[in-house]
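Novice: the sequence and its predicted three-dimensional model are supplied below.
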Amino acid sequence: MYNFWNNLYKFPRFLIAVLIGFFLTTFKPIFKLLKNKKMQIALPIIIIISINIIYLILKEMIK
């Protein structure tokens, strides 16, 4: 029974470490792109267009 509680105690730290690792590996390439002057303009436009497309697709799916 001690192993169970010990593993349960370690789980939140593991979950936080996985989430931090996910975000670091996801956003590191984006930060590298932002060093380029042209991408500083293009990246927000790409993100806004992507969010709008996802919104429109979901809106049509709900109808």
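Specialist: On my side now, so go ahead. Numbers count the residues shown, from 1 in each chain.
Novice: alpha carbons only for contacts and neighbour counts from here, please
Specialist: Fine.
Novice: count the neighbours of Ile30 for me.
Specialist: As a burial measure, Ile30 scores 12 neighbours (other Cα atoms under 10 Å).
Novice: where's it relative to Lys10, distance?
Specialist: 31 Å (Cα to Cα, to the nearest Å).
Novice: just Ile16 next, same as before
Specialist: Taking Cα to Cα, one finds Ile16 at 10 Å from Lys10.
Novice: go on, Tyr55?
Specialist: Going from Tyr55 to Lys10 by Cα to Cα gives 38 Å.
Novice: what residue is smack in the middle of the protein?
Specialist: The residue lying closest to the centre of the chain (Cα atoms, centre = their mean) is Phe23, at 5.4 Å.
Novice: secondary structure element holding that one?
Specialist: For Phe23, the host element (DSSP states H and E) is helix 2-33.
Novice: that helix: how far from the chain's middle?
Specialist: The chain centre lies 12 Å from the centre of helix 2-33; the measure is Cα atoms, centre = their mean, to the nearest Å.
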